[in-house]
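**Q** Turn this into a model:
(one chain, ligands or ions: 2)
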Amino acid sequence: MSSLLKNLRAISWPQIVGVSLLFVALIAGTQFARKPLHLPEGWHHGAFMEIFVRSYKDSNGDGIGDLKGLIQSLDHLKELGIKGIWLMPITTSADKDHGYATTNFRDIDPDYGTLADFDELIQQAHARGIGVIMDYVLNHSAKEHPYFEESLKNPQSPYRAWFEWRQEKPQGWDIWGKDPWVATANGSYLATFGAHMPDFNMRNPDVVKYHEDSLKFWLDRGIDGFRLDAVPHLIENNAKDWNDQPESRKLTGHFTRLIKAYPNRFVVCEATAEPKVYAREEICGGAFAFGLENQISKAAKGELEAIQKVAQYYTQAPYTLASFASNHDQFAGKRLWDQVEGNAVQYKLAAATYLLLPGTPFIYYGEEIGMAGAKGLSDDPFIRGPYSWQANEQNAGFTTGKPYRAVSGNNSTHHAQLQKTSPNSFWSFYKDVLALRNSRQSLAKGSYESAKAQGQVLSYQRKLGQEHSVVVINYGLQPMQIALDGIESQSKLSALYSSTSISNLKAAELTVPAQSVHVFAVNK
Ligand SMILES: [Ca+2]
Ligand SMILES: [Ca+2]
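**A** Ligands and ions are numbered 1, 2, ... in the order given. Presented below is the predicted three-dimensional model:
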């Protein structure tokens, strides 16, 4: 009898069963860990953070933000009360910057990491109740995309029909002051967003199938949805009819249906001219509220016309729009800090304005800590600087190496480390308002009623089921007495949030302190 058998005999049956069960549990645990956890139904009614991965957090000291750095930052986002993340493009790109010049629609840019990092991100975000959507660019690729390179080199290639090639250069086109047709030795191609990003021929079923398969690639890996870039530009008809054509709306709806065939997925479209139309269920179901963003800081400065426009906006717009104060494109404005020239009171008034309205709020990374534009830069790079984690003029705590871009102009005074320890900081303000929104369904997805601007005071009410909330914001420098409509005299107002306390809570005559934000519950 070998010693091995002796040893085995020495092990009792219950021990063997116990060890086997442990082994099975370990295997099951590993498999479970790989499968993304489910998010709660309606997760996308919570606030999103728009994140430019390149500028968020660098994990390996090369000066470029990456997915591992973002994974390390998820607790930071959860602490703020974020329920969704919009990742600007993370697919392989040629631009080495914003990422909208895609070279591979089904892989992660090596600067940002690997597909394994992506899987880990989804897993870790879901474990914190946070959904992840990513930018997807349907309209164009990079000119370095292998299919475009083939179509350029060889006019006989089947990929010639994947892009908008013409033997004769079309005449009379003008898209935002530029001729979108780029002449080459082998004909001209259409490039709405610049010669480095050729438009796909979206009438070609092979191209549509290619995008369908790419979208499914990410959906099968567990992505929670997409921000679809520039959808009114999918299909052009002629020199005059190129923007927001019926064919573009129809095709966008087609992709939305594919995405939403997966459970609990979310789509938000970039459609600057007609966001209300694109927010319709049959097109995108969600779209950025362009037109509102440029009124928010004006309202915060007390401009009467802007306050009226803010009050009116959601009386004529679907609640499925996505509200924001700024984003990564300079055409939507500078960073909020620069819009209000560092006025902290106006900053909070602006934030409260869009965080409490209907629609899904999208916070641009760094806004929650009052981050200013990148030092010494202009245009888009100015608003896309490294996140200020700590006070450090060299690296902002964003990297242990040299950041690829200049840090924020107010890094020494506005950074996450300081903001998180101060009760009066922007961070604390955003956190308080988001906590309120996350705990009250009427604020997350309720109705929008009795909206009005009385002088410089905006007030509106939001209801869902039995829950009734009132939001009052005084943008003016003077206290003002207002009357709230539609609240029965026996009802009591109780303050859920007040930036400055109000002594007499009477709906019929409410004296609202200067430059203050209030959320009340109406109790019958
Ligand atoms: Ca890195
Ligand atoms: Ca196009």
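**Q** State the distance from the residue nearest to residue 54 when sequence neighbours are not counted to ligand 2.
**A** With sequence-adjacent residues excluded and distances taken as Cβ to Cβ, 6 or more residues apart in numbering, residue 54 is closest to residue 65, at 4.9 Å. Where C-beta positions appear, they are placed from N, C-alpha and C, glycine not excepted. Relative to ligand 2, residue 65 is positioned 30 Å away (criterion: Cβ to the ion, to the nearest Å).
**Q** Spit out the contact partners of residue 65.
**A** Contacts for residue 65 were tallied using Cβ atoms under 8 Å, 6 or more residues apart in numbering; they are 52, 53, 54, 55, 56, 57, 58, 112, 386, 387, 398, 399.
**Q** Identify the residues contacting the closest residue to ligand 2 within the stretch 301-450 of the chain.
**A** Distances from the stretch 301-450 of the chain to ligand 2, computed as Cβ to the ion, single out residue 329 as the nearest residue at 18.0 Å. Contacts were defined as Cβ under 8 Å, 6+ apart; by that measure residue 329 touches 380, 383.
**Q** counting contacts, what elements does the helix or strand containing residue 351 pack onto?
**A** Secondary structure assigned from DSSP states H and E places residue 351 in helix 344-356. The criterion is 3 or more Cβ pairs under 8 Å, 6 or more residues apart in numbering; DSSP states H and E, and the helices and strands that helix 344-356 contacts are helix 293-300, helix 336-339, helix 426-439, strand 467-474, strand 516-523.
**Q** Can you classify the residue nearest to residue 54 as helix, strand or coil?
**A** Counting by DSSP: H, G, I helix; E, B strand; the rest coil, the backbone at residue 65 sits in coil.
**Q** how far out from the middle of the chain is stretch 252-264?
**A** Relative to the chain's own centre, stretch 252-264 is displaced by 18 Å; criterion: Cα atoms, centre = their mean, to the nearest Å.
**Q** Can you confirm whether that stretch lies near ligand 2?
**A** No - taking Cβ under 5 Å from the ion as the criterion, stretch 252-264 and ligand 2 are apart, separated by no less than 11.8 Å.
**Q** Which residue is the nearest non-sequential neighbour of the closest residue to ligand 2 within the stretch 251-400 of the chain?
**A** Closest residue of the stretch 251-400 of the chain to ligand 2, Cβ to the ion: residue 251 (10.2 Å). Spatial nearest neighbour of residue 251, chain neighbours left out: residue 234 (5.3 Å); criterion: Cβ to Cβ, 6+ apart.
**Q** ok, that neighbour to residue 278 distance?
**A** According to Cβ to Cβ, to the nearest Å, residue 234 stands 12 Å off from residue 278.
**Q** For these two, list the residues in contact with both.
**A** With contacts defined as Cβ under 8 Å, 6+ apart, the residues adjacent to both residue 234 and residue 278 are residue 252.
**Q** okay, the two: which has more neighbours?
**A** For the pair residue 234 and residue 278, the greater number of neighbours falls to residue 278 (31 against 26), based on other Cβ atoms under 10 Å.
**Q** Can you tell me the closest non-neighbouring residue to the one residue in the chain that gets nearest to ligand 2?
**A** Per Cβ to the ion, the residue of the chain with the smallest distance to ligand 2 is residue 199, at 3.8 Å. Taking Cβ to Cβ, 6+ apart, and ignoring the residues beside it in sequence, residue 199 has residue 190 as its nearest neighbour in space, at 4.5 Å.
**Q** List phi and psi for the one you found.
**A** Backbone geometry at residue 190, expressed as degrees, to the nearest 10, gives phi -90, psi 130.
**Q** Quick one: neighbours of the nearest residue to residue 504 once chain neighbours are set aside, just the number.
**A** Across the structure, with Cβ to Cβ, 6+ apart as the measure, the residue nearest residue 504 apart from its sequence neighbours is residue 511 (6.8 Å). By the measure other Cβ under 10 Å, the count of residues near residue 511 is 13.
**Q** what bridges to residue 511?
**A** With DSSP bridges as the criterion, residue 511 is bridged to residue 481.
**Q** Now do the same contact list for whatever residue of the stretch 301-450 of the chain ends up closest to ligand 1.
**A** Using Cβ to the ion, residue 399 is the residue of the stretch 301-450 of the chain that sits closest to ligand 1, at 7.2 Å. For residue 399, the contacting residues are 58, 61, 62, 63, 64, 65, 386, by Cβ under 8 Å, 6+ apart.
**Q** helices or strands up against the helix or strand containing residue 212?
**A** Taking DSSP H and E as the criterion, residue 212 maps to helix 205-221. Using 3+ Cβ pairs under 8 Å, 6+ apart as the contact definition, the elements that helix 205-221 packs against are strand 102-108, helix 115-127, strand 131-137, helix 246-260.
**Q** Buried deepest among those, which one?
**A** Mean neighbours per residue, mean count of other Cβ atoms under 10 Å, is largest over the helices and strands packed on helix 205-221 for strand 131-137, with a mean of 23.
**Q** so how far is that one from its chain's centroid?
**A** Taking the mean C-alpha point of strand 131-137 and that of its whole chain, the gap between them comes to 8 Å (Cα atoms, centre = their mean).
**Q** And for stretch 443-461?
**A** Per Cα atoms, centre = their mean, the displacement of stretch 443-461 from the mean C-alpha position of its chain is 24 Å.
**Q** Same question for stretch 442-451.
**A** Per Cα atoms, centre = their mean, the displacement of stretch 442-451 from the mean C-alpha position of its chain is 22 Å.
**Q** now it: mean pLDDT?
**A** Stretch 442-451 shows an average pLDDT of 97 in the prediction.
**Q** Quick one: end-to-end length of that stretch, please.
**A** Its start and end residues considered, stretch 442-451 measures 15 Å (Cα to Cα, to the nearest Å).
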